[in-house]
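Chemist: would you be able to build a 3D model of this:
(chains A and B)
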Amino acid sequence: MATEGDQVAESSTGVSAASLALFRILFGLVMAGGMIRFLLNGWVEELFLRPAFHFPYPGFEWVRPWPGWGMHLHVMVVAFFALAMAAGWHYRLASFLFFIGFTWLELIDQTNYLNHYYLVSLLAGWMTILPAHRLWSVDSRIKPGVRSPAIPRWPLNLLRFQFGIVYGFAGIAKLNPDWILHAQPMRIWLAARSDLPLIGPWLDQTWIAYAASWFGAVYDLTIPFFLLWHRTNPVAFCAVVFFHVLTGLLFPIGMFPWIMTIGATLFFAPSWPMDLAKRLGVRIQPTACSSPKPMTPLPPLGKAMIGAYVAAQILLPMRCLLYEGNTHWTYDGFNAAWKVMIAEKRGHVTFDCVDRLEQRHWRVDPKTLLTPRQSVMMAQDPYLIRQFARHLSEQEGGRIEVRADAFATLNGRPSQRLIDRTVDLSQPEIRDWILPLESD
Amino acid sequence: MIRLKSILPACLLAALLNSAFGSTPTAKEQMLRTVAARVVAPGYQRLAMRCEQLVEAAQRLEERPDAIRLKQAQESWLEAAIAAQELDCFRIGPIADAGDAATFYFLPARPASIERAIADSAISSQAELKRLGAAAKGLCAMEYLLFPTESANLALLNSEATRRRHYLTLIAREAAATAASLSTAWQEPLQGSAASFINGGQESLNALVNQMAMTTGSITALRLPPLMNSALKAESGKIPGERSNHTRELLLAAARGLQRFHAEGMGNYTRRINAPLADRLTKHYESTLTSIAGLARLPADQPLDSRQAAECFEYCNALDVLFKVDLASSLGVTLTFISTDGD
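Modeler: Model (predicted):
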């Protein structure tokens, strides 16, 4: 027997709006929760207010933290917009302002970059355009023109593509000798959690690290396909929940498991929330009197924009192929490439400053000028080290030479120099300053 | 009934897993147990014993001040300071909880605070001593009193220095009492501080590696540079402002303390996770200790060899990198140090 949702899905008027509407609600709630957690954990202080120096993204130097209570207020307002997005109240404006507000937070400092924050920005950007407010929203209640039980198919496909890309490239990134042949960095990370109750002793076993590494790679590479196929979809969703609950328990990855689990619901039939409600005997909108509107086809410009976005999402993670050497070491093309939980890198850096005019030489320990978190993040990324070296030079009027005494280790290898110690990092044009990974 | 059927096998499996692994301590737990039993407990026992000997020497000096007894008290102070330095990288547990670290590690001496306390005749018992801040007591204040500068030559032996000698005994007693209580806290491996440390798992390991890295960092950033400067100027190994002339012995003790943690527990655990790193650490400790011992062997009034000092700095710096980069990474300390999310 065909369900109400199926009837909508099978009609020429598009697919059920229920799945996307529920995604909007859950995404908005998780984002609001994330922002409140941000405030409660004191991360506004730690990430934005305490640092005396921030590592801006090139071209975004103008994005600065607000003074005083401004940042706290900013995060509170972003949380409010997330709730407004969930409620579907002035949905497009709320989504847009959430997107701007959240992305602003991310652009303040490169050391705060996380793959899932980048994903949130991308999703929030799309939410401003996608018709996720057609159902179960304040807008659809007060504006009859907004209400519709059906939406075009492309918004769902676009979001499925987005989540598929995250899984796909995360899986491809795992196809490297460290992950597959040496179970690194999983061996390090699991051993560090061997005191967890019940499963802890297992995590100390080498074979578990191998099994987890291989399972992780296979999972990432195949799960989008299993989610897409209706026969395997329920089992795949259970695997998603299992995987993300486990990783959420084992690693400090914050909102990521929630976002990915919510994202996986988009792979169900578009009408699944109503089908589930019907099975449970709960009657929810849309009612039989809700009439679907005829879907207008996507204009050519829209198609072109989506095509360009899809191409960019495929090409951007692949830019690492343009660089020589191990990009986990050099960080060339590392960010925005879905290299999620792929490398255990740790660095240590001090800076040697020389003022030739005044015949002065001194050593700078970055911990005296940066927060502990910034120091840790900078010490593993040669580009951030260079950015800080240039900052040190600018502090002295640009007349000093700055060299880095930088060491790093990747996935349990012996530490080695990350940056050529003879290169003056304060110069605008430098070459061959990142030393290749020797034991690769 | 259906639910019960699905829950029962899960419970059985959990019980099986627990019985398979539950009674056996994990490698990490075993390592923490070994460190507590073989390094920390004997270390505090040694410190308590040395501090007790220092009290006896101070009392003898108070009773009959002469050069021989002063020398004995100075030697006892050095022994106590060495015992404390060997635990410099372990400022966790009760020593941190009770704020006792300053008794053994406060630096530099604050003559004004010490002299004010000596001048205050109301301070004549342990109870009154508790009112004083760290600057006026502890090993650092004892060094100030036992190793006077030439301008106040042999101040402790002056007939009018009765109060000074009494104050030395008072603060020595307090340090001994602190060391004794720390030693007691670490003697029983199944309860108290030792048990909390062992059961702390990764949290204890994080604290331990963090503390050890702080010690390697302070050696390279704070303790060696003055020696390097002296060497560059072809001066003696005496550091300006340092009274006892034992900087290098104490540096050696701090490094030896680090090595002890590696040799008596952490090394095996590290080997399990990253064998080449464990071997590198073993070798590097040996080279570093040999290098510092080379500096420490030189008489205090002999100029330091700048090449030898530079070599020592290189070894210590490399040890610092091994700790903060290789060891911290291999033992999974990297992520847990960051209080925010990662991915």
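
Chemist: pretty sure A:Thr332 is touching A:Lys339, no?
Modeler: Let me fix one detail, which is that residue A:332 is Asp and not Thr. No: A:Asp332 is beyond contact range of A:Lys339, at 11.5 Å (criterion: Cβ atoms under 8 Å). For the C-beta atoms, the positions are set from N, CA and C on the backbone; glycine is no exception.

Chemist: those two - which one has more neighbours?
Modeler: Just comparing A:Asp332 and A:Lys339: by other Cβ atoms under 10 Å in any protein chain shown the higher neighbour count belongs to A:Lys339, 22 against 18.

Chemist: separation between that one and A:Lys345?
Modeler: Here A:Lys339 is placed at a distance of 11 Å from A:Lys345 (Cβ to Cβ, to the nearest Å).

Chemist: overlap in contacts of these two?
Modeler: Common neighbours of A:Lys339 and A:Lys345 are listed as A:His328 (criterion: Cβ atoms under 8 Å, 6 or more residues apart in numbering or on different chains).

Chemist: element containing A:Glu358, please.
Modeler: For A:Glu358, there is no host helix or strand (DSSP states H and E).

Chemist: for it, grab the count of nearby residues.
Modeler: Residues lying near A:Glu358 (other Cβ under 10 Å) number 10.

Chemist: what do you get for B:Thr247?
Modeler: For B:Thr247, the neighbour count with other Cβ under 10 Å is 20.

Chemist: quick check: it vs B:Leu222, distance?
Modeler: From B:Thr247 to B:Leu222 the distance is 11 Å (Cβ to Cβ).

Chemist: tell me the residue of the stretch 301-440 of chain A that sits nearest chain B?
Modeler: Using Cβ to the nearest Cβ, the closest approach of the stretch 301-440 of chain A to chain B is made by A:Arg346 at 3.7 Å.

Chemist: for that residue, what is the enclosing helix or strand?
Modeler: According to DSSP H and E, A:Arg346 maps onto strand A:345-355.

Chemist: what comes up buried for whatever helix or strand B:Gln308 lives in?
Modeler: Assigned by DSSP H and E, B:Gln308 belongs to helix B:306-321. Residues of helix B:306-321 classed as buried by neighbour count (16 or more other Cβ atoms under 10 Å in any protein chain shown): B:309, B:312-313, B:315-321.

Chemist: among those, which one sits closest to chain A?
Modeler: Nearest member of the buried residues of helix B:306-321 to chain A, counting by Cβ to the nearest Cβ, is B:Val321, at 4.7 Å.

Chemist: gap between the nearest residue to A:Val15 once chain neighbours are set aside and A:Lys278?
Modeler: Of all residues not flanking A:Val15 in the chain, A:Pro270 sits nearest, at 4.1 Å (Cβ to Cβ, 6 or more residues apart in numbering or on different chains). A:Pro270 is 14 Å from A:Lys278, where distance means Cβ to Cβ.

Chemist: now swap in B:Ala310 and tell me
Modeler: In terms of Cβ to Cβ, B:Ala310 sits 79 Å off from A:Lys278.

Chemist: quick one: residues contacting A:Asn112.
Modeler: Here A:Asn112 is in contact with A:47, A:105-106 (Cβ under 8 Å, 6+ apart).

Chemist: filter the residues you listed down to the ones in helices?
Modeler: Secondary structure from DSSP state H places A:105-106 of these in helices.

Chemist: any chance of the contacts of A:Asn112 in JSON lines with neighbour count, pLDDT and distance to chain B as columns?
Modeler: Below are those laid out as JSON lines (neighbours: other Cβ atoms under 10 Å in any protein chain shown; pLDDT from 0 to 100; distance: Cβ to the nearest Cβ, whole Å):
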{"residue": "A:Leu47", "neighbour count": "23", "pLDDT": "95", "distance to chain B": "7"}
{"residue": "A:Leu105", "neighbour count": "23", "pLDDT": "97", "distance to chain B": "12"}
{"residue": "A:Glu106", "neighbour count": "18", "pLDDT": "96", "distance to chain B": "13"}
